[in-house]
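J.: Dropping the sequence and predicted coords here.
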Amino acid sequence: SPAKGKAAVHQAATTAQDEQRVRAYWTPERIAALSAPLSKNPPLDRADGARWKGDGAVTTTVGRLFFTDHGEDASCTATLVKSANHSTLATAAHCLNNTDLLGDHDEWQSNLLFVPGFRDGRAPLGRFVVRQAVLNSIWLENDQMDSRTYDAHDQGFAVVGRNERGKTVEEAAGAAQDIAFDAPGNRAAYAVSYTHL
């Protein structure tokens, strides 16, 4: 197995011009192309996955993370977590850095845009451009072939700038989720994410 990793940091959109370019890239049409259901079958509520019917902080702290992966537009789920900068998201490492389908050509994602509370193509709290991505450097060695080694490192963090109205994401959301490290694995937990059916 790989040696213990260090934090790998990627500077994404670091200037106001970079942020404007990313916002301009994500047109309503681009977002709609990623939001269309892949099936006409409605989602089923089951023990292994159900639509979120509640309200509260989940509706404002969980959102879609849009990005470009090896030239293809894609999206993931990201969650706003409590942090000193009031602007940190937790997401999967592969949403920030990934290889191509063959496990080659490791690249950092581009055009990273977070939309908290995303629903039906709307951005009720604004759009936040990712300024910095952070993950365990072990993930950068991922070759898509050794899931036992690398899947345990498929977590990352992103720091976003302010929205179009000058608010931090935590100011806009009105909350942030707690995050725990090295907690026992036998506790009940909810995993909230966007899915394509």
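T.: Okay, I see it.
J.: okay, now residue 17: neighbour count?
T.: 9 (other CB atoms under 10 Å). For glycine as for every other residue, the C-beta is placed from the backbone atoms N, C-alpha and C.
J.: and whatever helix or strand it lives in, what does it pack onto?
T.: Assigned by DSSP states H and E, residue 17 belongs to helix 16-25. Counting contacts by 3 or more CB pairs under 8 Å, 6 or more residues apart in numbering; DSSP states H and E, helix 16-25 packs against strand 110-116, strand 128-136.
J.: For residue 57, which of the ones you listed is the nearest?
T.: Nearest to residue 57, of all the helices and strands packed on helix 16-25, is strand 110-116, at 10.4 Å by CB to CB.
J.: and the angle for the helix holding residue 17 with strand 128-136?
T.: Interaxial angle of helix 16-25 relative to strand 128-136 (axes from the mean of the first three to the mean of the last three CA atoms, to 10 degrees): 110 degrees.
J.: after the helix or strand bottoming out on mean pLDDT in the chain comes which helix or strand?
T.: Lowest on mean pLDDT, DSSP states H and E among the helices and strands of the chain sits helix 147-150, with a mean of 71. Going down the chain from helix 147-150, the next helix or strand is strand 156-160, by DSSP H and E.
J.: Angles on the backbone of residue 91, please.
T.: Backbone torsions of residue 91, given as degrees, to the nearest 10, read phi -160, psi -180.
J.: Show me what the nearest residue to it once chain neighbours are set aside bridges to in the sheet.
T.: Among residues not flanking residue 91 along the chain, residue 78 sits closest, at 3.9 Å (CB to CB, 6 or more residues apart in numbering). As for beta bridges, residue 78 partners with residue 63 under DSSP bridges.
J.: hang on, isn't residue 78 packed against residue 112?
T.: No - between residue 78 and residue 112 there is no contact under CB atoms under 8 Å: 9.4 Å.
J.: mind showing which ranges of this structure have poor pLDDT?
T.: Within the chain, the set of residues satisfying pLDDT under 70 comprises 1-5, 36-44, 46-54, 101-104, 143-147, 190, 193-197.
J.: now the helices: where do they sit in it?
T.: For the chain, the helices defined by DSSP state H cover 16-25, 28-35, 58-61, 147-150, 169-173.
J.: I'd like those helices written out as a markdown table, with distance to residue 91 added.
T.: Output for the helices of the chain, formatted as a markdown table (distance: least, CB to CB, whole Å):
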| stretch | distance to residue 91 |
| --- | --- |
| helix 16-25 | 16 |
| helix 28-35 | 16 |
| helix 58-61 | 12 |
| helix 147-150 | 16 |
| helix 169-173 | 13 |
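J.: wait, which of these is closest to residue 191?
T.: helix 58-61 (11.2 Å).
J.: Name the residues of that closest one that are buried.
T.: By neighbour count on 16 or more other CB atoms under 10 Å, the buried set for helix 58-61 is 59-61.
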